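Asker: how would this look folded up:
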Amino acid sequence: MNDADAAAGPRTATRGVPLGHVGGKASGEAAGGADAAAGPGVATRGAPLRRVGGEANEGAAGGDPVVGLVVTGIGTVDADGFDFRAALGRHGYKYLPAASQYFLAAAKRALAQAGPEALEAVGPEERGAAVGTNSAAVALHHRMDRTVTTSGAGDLSPVTAPYFSINLFGSRLATEHDLKGFNLTFTSPRVAGLEALQTGQRALLTGRARRLLAGATEEALPEGEPGAGTSEAGAVALVLEPEPAARSRGVAALGRVGVRSFFLPPKAAASAEGAERAAALLRAALDALGHRPDQPLAVTAVLDGSPVGEAMAAALDEKALGGRPPAGKPELVPAGAGALEPVARVAAALGAPAGHAHAVITAAAEGNAAVCLVTPARTDATPGGPDVTSAGADATPAGAGAAPGGPAGAEVSSR
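Answerer: The predicted model follows:
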């Protein structure tokens, strides 16, 4: 076990990445059927100790099969004015990277809303975490580079040096909340946070765990770094659990989320058929997520000015989306340099007054793209029990599979 593994905490294996690596292709390392379930570009290690979900194991799962996942907690953190002492406590957090502090605080707030039993109702090996980021390690890597080039590697701080590996930014979360099912980190450009939701849910649906903490965290990019002017800083965390579990605890479900990721080659996006290609991919994603074309759909798109972003924006009319009646004009949000904004928009859609299904769409210049279908809770839901609209209610199982796509930047920490 190396130093990075030791810092990651018990039962967490790490895989290092080059300094400054925040995206690109994932390892081609195969892991059999687990990789197949995880989808293209994601490598997993180790089979689950036992399957804890599904009808065949409902008895072993204590009558709590992992089907019908719902969101029961949302936590958000804005870096502006953030004080880790007030958010987390005065001791034990000072030397954590800012992105780790943000996600710890967001998870704390999400769990406070979901209730303490959200995790405590299951054992440590049935709890998992998945986090997406593009910029969490960049500032730290810059500081480490300056130290090495000016005074030597011997002057690197032993407290922060293990965080050269992007996988360790979620390790403290796993340690604090005893998350031993899995601990995943994703770095695909802009879609990393949505990929964390997608793969985390898939892991639950295939029996690797029964509770999930998932989201995104970012630290501001250093001055002079590409994208620094629009860099993001903060975190969003969601708590997901089976609907029967939430109902038995008497907590309200905030809604469901389902994610489908895909790839639009930049050259194809820049061609005359770019918008048509993007529209076909979006229709296929929404169909796979269970949204019926006759149901109204609100749309928020977090896009940049690249050919991929422009092609996706041009595909957001009613005809291109398969005749789905729009619930208002699509909201176009300028994308920042990071993976936080799309997840923040998902959280906002879950927290908004219940209404129509809401699609949060995002894409990066590199071609990575994703759609998150948010099915909000019904306004007439019975207090103390989850109830969500039927439109898109099957999005979680359908969205658990990855659409055929291109390169993903998943750096996976898993047992």
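
Asker: from now on I want contacts and neighbour counts done on CA atoms only, so please keep to that.
Answerer: Will do.

Asker: where does pLDDT dip in the stretch 301-415 of the chain?
Answerer: The model of the stretch 301-415 of the chain has pLDDT under 70 over residues 318, 354, 378-415.

Asker: pLDDT below threshold where in the stretch 51-200 of the chain?
Answerer: If you take pLDDT under 70 as the line, the stretch 51-200 of the chain has these spans: 51-67, 141-142, 161, 163-165.

Asker: quick one: the helices in the protein?
Answerer: Along the chain, counting by DSSP state H, helices occupy 3-8, 33-38, 84-87, 98-114, 117-120, 138-150, 171-176, 192-205, 243-249, 266-270, 274-288, 307-314, 340-351, 395-399.

Asker: and the ones you listed: which comes nearest G132?
Answerer: helix 192-205 (4.0 Å; CA to CA).

Asker: and the angle for that closest one with helix 340-351?
Answerer: 60 degrees (axes from the mean of the first three to the mean of the last three CA atoms, to 10 degrees).

Asker: helix 192-205 packs against which elements?
Answerer: helix 33-38, strand 127-132, strand 182-186, strand 211-218, strand 255-263, helix 340-351, strand 368-376, helix 395-399 (3 or more CA pairs under 8 Å, 6 or more residues apart in numbering; DSSP states H and E).

Asker: buried ones in that helix?
Answerer: Within helix 192-205, the residues scored as buried using 16 or more other CA atoms under 10 Å are 192-205.

Asker: repeat for stretch 291-305
Answerer: Judged by neighbour count using 16+ other CA under 10 Å, the buried positions of stretch 291-305 are H291, P296, L297, A298, V299, T300, A301, V302, L303, D304.

Asker: rewinding a little: of the helices and strands packed on helix 192-205, which is nearest T72?
Answerer: Taking CA to CA, strand 255-263 is the member of the helices and strands packed on helix 192-205 nearest to T72, at 7.8 Å.

Asker: list the helices and strands the closest one packs on?
Answerer: Other elements packing on strand 255-263 under the criterion 3+ CA pairs under 8 Å, 6+ apart are strand 69-78, helix 192-205, helix 274-288, strand 368-376, helix 395-399.

Asker: so how far is G154 from the closest residue to L96 other than its chain neighbours?
Answerer: Leaving aside its sequence neighbours, L96 sits nearest to T160 (CA to CA, 6 or more residues apart in numbering; 7.2 Å). Distance from T160 to G154, counting by CA to CA, to the nearest Å: 13 Å.

Asker: also H358?
Answerer: Taken as CA to CA, the span from H358 to G154 is 51 Å.

Asker: settle it for me: which of the two has more neighbours?
Answerer: Under the neighbour definition other CA atoms under 10 Å, H358 and G154 were set side by side, and H358 has more, 25 against 9.

Asker: what number of residues lie near the closest residue to V259 other than its chain neighbours?
Answerer: Residue nearest to V259 in three dimensions, not counting chain neighbours: C372, with 4.3 Å by CA to CA, 6+ apart. Residue neighbour count, defined by other CA under 10 Å, stands at 30 for C372.

Asker: what do you get for the one 3 residues further on?
Answerer: When neighbours are defined as other CA under 10 Å, T375 has 29 of them.

Asker: ditto for A121
Answerer: 14.

Asker: who's in contact with it?
Answerer: Listed by CA atoms under 8 Å, 6 or more residues apart in numbering, A121 has no contact partners.

Asker: look up phi and psi at it.
Answerer: For A121, the backbone dihedrals (degrees, to the nearest 10) come out as phi -70, psi -10.

Asker: quick one: it from A245, how far?
Answerer: Per CA to CA, A121 is found 9 Å from A245.
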